[in-house]
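S.K.: Dropping the sequence and predicted coords here.
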Amino acid sequence: MAGSPITIYHNPRCSKSRATLQRIEDRGLHPTIVEYLKTPPTVAELDMLCTALGVDPTEMVRFNEQEAKDLGLKKTDTRLRADWLNLLAEYPRLIERPIVLRGEKAVIGRPPENVEALL
């Protein structure tokens with residue numbers, strides 16, 4: 001993993017995302033920055049991120065976002081994995097942020113200290 005490129009799925013308007021990016025840059029690293037609201041990840045990318053995180057897609061959903069409430073989404077929904085991935089691809093605002101990927105491992109930078117596991 002050391003020496004592997006780092007990618008951050010970033011929302012510059014989010015303080016946690018900015019703090020996570022700063023931690024990476026403070027180490028002298030220059031990650032690829034994907035502003036996922038401008039360039040949403042595909043279903044395949046989201047699936048890969050879930051695998052790298054070791055989580056189900058529901059653990060990447062920001063259920064407190066108004067958009068999730070408007071869509072009637074709940075953690076207890078019995079949707080298929082593919083359905084959740086499709087929802088996240090269609091509504092990227094619902095994706096938990098930031099997600100940092102290095103090699104085959106990823107973390108969600110909430111709190112920003114989580115990124116230390118990849119550095």
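M.R.: All right, it came through fine.

S.K.: so how far does stretch 110-119 reach from one end to the other?
M.R.: End-to-end distance of stretch 110-119 (C-alpha to C-alpha, to the nearest Å): 15 Å.

S.K.: Same question for stretch 86-94.
M.R.: 11 Å.

S.K.: Just the mean pLDDT for that stretch, thanks.
M.R.: Averaging pLDDT along stretch 86-94 gives 97.

S.K.: What segments of the protein are helices?
M.R.: 15-26, 43-53, 66-70, 81-90 (DSSP state H).

S.K.: how much space is there between residue 9 and residue 76?
M.R.: Per C-beta to C-beta, to the nearest Å, residue 9 is found 26 Å from residue 76. C-beta here means a position set from N, CA and C on the backbone, and glycine is covered the same way.

S.K.: In terms of neighbours, single out the busier of these two.
M.R.: Under the neighbour definition other C-beta atoms under 10 Å, residue 9 and residue 76 were set side by side, and residue 9 has more, 29 against 6.
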